[in-house]
Each structure stands twice: as structure tokens, then as C-alpha cells.
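Engineer: Sharing a model that was predicted from the sequence below.
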Amino acid sequence: MRLPSGPKTPVSRPLFCPREECPYHDPELARRTEWFAEHGEFFTRARGLIDRFRCLHCGKTCSTQTFSIDYWTHGEFDYTKLLRALDTGAGLRHTARYTHVSYRLVQNRVRRMARNCLAVMDAALAEAKLRESLAIDGLESYLRSQYFPCSFTDVVGSDSQFIYGAVLTTHRRKGQMTALQRVRRAMIDALWRPEAGATTNDCTALLGDLAPLIGEAAEALPAMALYSDLHTAYPLALARVKPLAEALKSGRLHHVRIPSKAPRTTANPLFPVNYVDRQMRKNMSEHGRETVKQARESNCAMERKAIFIVLHNFLTPHRVSDHAITDEEQTHSHVAGHRSPRVERLLREMTTRRHVFTHLSGKQEWIRRIWQHEYTNPPAVNFKTGEESKTVVGIAAEQMPQHFLA
């Protein structure tokens, strides 16, 4: 796998006006126009002299550091090492020891890298043309403890194993429990229960994001199918997404349901999602069997998932070979046909440049939910008192910017 790398020096000129209301916030317009003037410089102990600029239209000032992934930090960080650690199942504390930084700094840098990965996915999906059928399924895992089981639902290309989107749904614990475990679950129930139909709602949002792609493919391909297991959420979600419901009714789209107990071989149409589940178990430390490195915060878990998606889609070979160097081998994105010049540029800049939410297409709700930290964390419960614990690692979404400031 060839990880993206590039010069850590700041850009020589501003890329766009940081003010959202300014017309030169559009990077394409800013690239074609002389919209700024030099505005002095300032000194930092970490990086020396930094050039400043001022927008000639709105007066907003910025510096070359404004456009760096290390914006508002006190030093540079090797993001390539971070990607290698995350892709090989290392925990965050292990990564902090390996890179000689604090645990909280690693959390902050994961967040920055996740947003750049989301920008890559947004660009790829905005220009994508679907040329294959899809499979949808969820990976069962948990947050903090097994009292909070959750599922990571993925939509994956049948031929390419390209991940087109993902959502997280947190559930109520079920199954066989001891008397003590039932008492503790009752304490949790008194403070929090997942909303009814949460899985269906999340699948509806995910399929709604992909409905334009699926609709175009249903018109162009001779046989377009969506494969799933027998979970009841998928037919309900398809019925709620009007374009997909119409495509199913007309016969342009087929929903094929397969028992999850069927042999998980390459001949099984659910192989693509089974393959992605295996890769997550292998590469992401929080999803390993009997792990001691479980996820503790839902938004952070999805940020790491976003990084996994880009590493899997764009930097991992589509098929394993015996070659020592695999840089020239096709990735999942090559097979799916999602390697536009813009995507290639974003991949090259992934470890060096800073991307902002206002430059995204805004068409993918699943991307927005991760970027804006819209996932809700179930509370941690003090099982001695039955009250909500205030010392939980998982924190509210609105607290995250201050919590991860570094």
C-alpha cells in the first residue's frame, strides 16, 4: 500500500478566502482570480515566520498555515505513521507511544485526517457513475461495553468491493443474560433506550444518499440488484426511498434477499460485505474479537471508520498478490472506476492540506453526520447508584471541539 505523502511546508499562496460568505471562498473562482494582497507576517516558535494575506473583497485575513492540516497546532505530525498504525490494528494509546505524542493529540489528529478522508469520499461520490450491483449488511460490534451493541452498516460494490457509504446504529442489549446483567440493563433503560426503528431509519438515510447513483445504474445496466440478508429493515428502507421504490416496482432494480447462514464464499452475493467485515475485524482494533481496545465514542468510531473506508477504497489492492511492491496494482476504486483527477489530487494532499465542510457537495448525509458529529452517545451508568456517570470517556458531540483542541 502506498500511503499519501507530501511536503510539510505551507502553501505559498492562499487557496481561498476563509470567510464562507465571500465569493472567493469558492476555490475554483479563487484559483482564477487575484483576490488577495500580502498582509505582513508573524513569527511562531514552532514554524518561524508565517506569511499573512488579506482578501481584497471582504477584508478577511489568513495565513499560509490556514490551509495546512496542522492549522492551529503547535507542531507538525507525521500523518503517514498515523495511517499505518490505524490500518494495522494499533490502539490509540499504542499509537501515541509509537509517535511520541500524547493520547489526546492522537485523537485530534485522527479527527483531522478523518475530515480529509470524508472530503475524498465526497468528491468520489459526486463524480461517480455506478457500474455494478450493490450489497448491504451490518457489522455487529459494541461501544464501551457489550451493554451497548451497535452495527456498522455498509453499502459495497458487488464487483469492486468499493464502500459507497456507512452508518452507525446503536442498539439495546439483547440475548441471554445473567440476573445481574438484567438488573444493570434495567438501570440503563431508565436513562436511555434507542429510538424505535433506528436501524430502518439509518438504512433509509444511507440508501437515500445513494438513490441517484442506483437510479442511474438501474437505467443503464441490464440487471441492477441490491443484495441483503433477511433483515426486515432493508425492505422497509427501500419502500421509504421513493426513487428506489419506483425502480423496484418497474423491475429496473431487484432486491435479492439471502439467508445470512448461507456459506460465505465468493459465490455468495453477500461476499462483498462479508469481505469488508473481515477487513474491519482485521485492521480496526476496536472490532477485533474479545478486544480490549473497544470504541468509546460513536462519533470518534465513525471518524476512524471514514479513514478505514478511504484506505480500503483507494490504497488497498483489490486482490492480494505475492508481489513485494503493490503500488501499481489495481485498488477497489480502480475496479469501480472512481479515480478522477480531482480525487487523485485530494489523495495526494490528504496528509498535508486542510479541507473545510463548506467545500463538500452536501449530497451525502452519512458524510455530514460524521463530519458534524451528529451521532448520539448512550450514557454511561454508575451501576452502584443507577445514575448517569460523569466520568465517561464518551462525550457529547457539542463538547468535542473543546475536548480535542490541541
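Structural biologist: Right, received. Where do you want to start?

Engineer: what helix or strand is the residue nearest in space to the middle of the chain on?
Structural biologist: Centroid-nearest residue in the chain: residue 306, 2.0 Å away (criterion: CA atoms, centre = their mean). In this structure, residue 306 sits in helix 298-315 according to DSSP states H and E.

Engineer: Report the rounded mean pLDDT for that helix.
Structural biologist: Averaging pLDDT along helix 298-315 gives 96.

Engineer: how about it: buried residues?
Structural biologist: Neighbour counts over helix 298-315 (16 or more other CB atoms under 10 Å) mark 298-315 as buried. Using the backbone N, CA and C atoms, a C-beta is placed for each residue, glycine as well.

Engineer: Report all helices and strands that that helix contacts.
Structural biologist: On a contact count with 3 or more CB pairs under 8 Å, 6 or more residues apart in numbering; DSSP states H and E, helix 298-315 meets helix 79-87, helix 103-126, strand 163-170, helix 271-283, helix 332-336, helix 341-348, helix 365-371.

Engineer: The ones you listed: which one's closest to residue 177?
Structural biologist: Of all the helices and strands packed on helix 298-315, strand 163-170 sits nearest to residue 177, with 17.7 Å by CB to CB.

Engineer: Report how many residues lie close to residue 48.
Structural biologist: Counted with other CB atoms under 10 Å, residues neighbouring residue 48 total 8.

Engineer: mind checking how far it is from residue 42?
Structural biologist: 10 Å (CB to CB, to the nearest Å).

Engineer: Could you do residue 121 as well?
Structural biologist: For residue 121 relative to residue 42 (CB to CB), the value is 35 Å.

Engineer: And for residue 241?
Structural biologist: On the measure of CB to CB, residue 241 and residue 42 end up 51 Å apart.

Engineer: In terms of packing, which of these two has more residues around it?
Structural biologist: Taking other CB under 10 Å, residue 241 and residue 42 do not tie; residue 241 has more neighbours (22 against 11).

Engineer: For that one, give me phi and psi.
Structural biologist: Dihedral pair for residue 241: phi -90, psi 100, per degrees, to the nearest 10.

Engineer: these two touch, right, it and residue 203?
Structural biologist: No - at 9.4 Å, residue 241 does not count as touching residue 203 under the criterion of CB atoms under 8 Å.

Engineer: and the residue lying closest to residue 294 once chain neighbours are set aside, what does it touch?
Structural biologist: Spatially, and ignoring its direct neighbours in sequence, residue 294 is nearest to residue 286 (5.2 Å; CB to CB, 6 or more residues apart in numbering). Going by CB atoms under 8 Å, 6 or more residues apart in numbering, residue 286 touches 141, 293-295, 301, 304.

Engineer: Where does pLDDT dip in this protein?
Structural biologist: 1-10, 391-406 (pLDDT under 70).

Engineer: which stretches of it form strands?
Structural biologist: Using DSSP state E, the strands found in the chain span residues 36-44, 48-55, 61-63, 134-142, 149-157, 163-170, 224-228, 253-257.

Engineer: can you put the ones you listed in TSV and add distance to residue 19?
Structural biologist: Output for these, formatted as TSV (distance: least, CB to CB, whole Å):
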stretch	distance to residue 19
strand 36-44	12
strand 48-55	7
strand 61-63	9
strand 134-142	40
strand 149-157	36
strand 163-170	31
strand 224-228	42
strand 253-257	43
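
Engineer: and of those strands, who's closest to residue 93?
Structural biologist: Across the strands of the chain, residue 93 has its closest neighbour in strand 134-142 (19.1 Å, CB to CB).

Engineer: which helices and strands does the closest one pack with?
Structural biologist: strand 149-157, helix 198-220, strand 224-228, helix 271-283.

Engineer: So which of those is nearest residue 103?
Structural biologist: helix 271-283 (20.5 Å).

Engineer: check contacts around the nearest residue to residue 54 once chain neighbours are set aside.
Structural biologist: The spatial neighbour of residue 54 that comes closest, neighbours along the chain excluded (CB to CB, 6+ apart), is residue 39 at 4.0 Å. Neighbour list for residue 39: 52-54, 61 [criterion: CB under 8 Å, 6+ apart].

Engineer: how close does residue 39 sit to residue 51?
Structural biologist: Using CB to CB, residue 39 is found at 8 Å from residue 51.

Engineer: same question, residue 337
Structural biologist: 40 Å.

Engineer: more neighbours, those two?
Structural biologist: Counted by other CB under 10 Å, residue 337 and residue 51 do not tie: residue 51 has more neighbours, with 18 against 15.

Engineer: Can you tell me the number of residues neighbouring residue 321?
Structural biologist: 9.

Engineer: if we can go back for a sec, out of the contacts of residue 39, who's nearest residue 34?
Structural biologist: Checking these one by one against residue 34 (CB to CB), the nearest turns out to be residue 53, at 11.3 Å.
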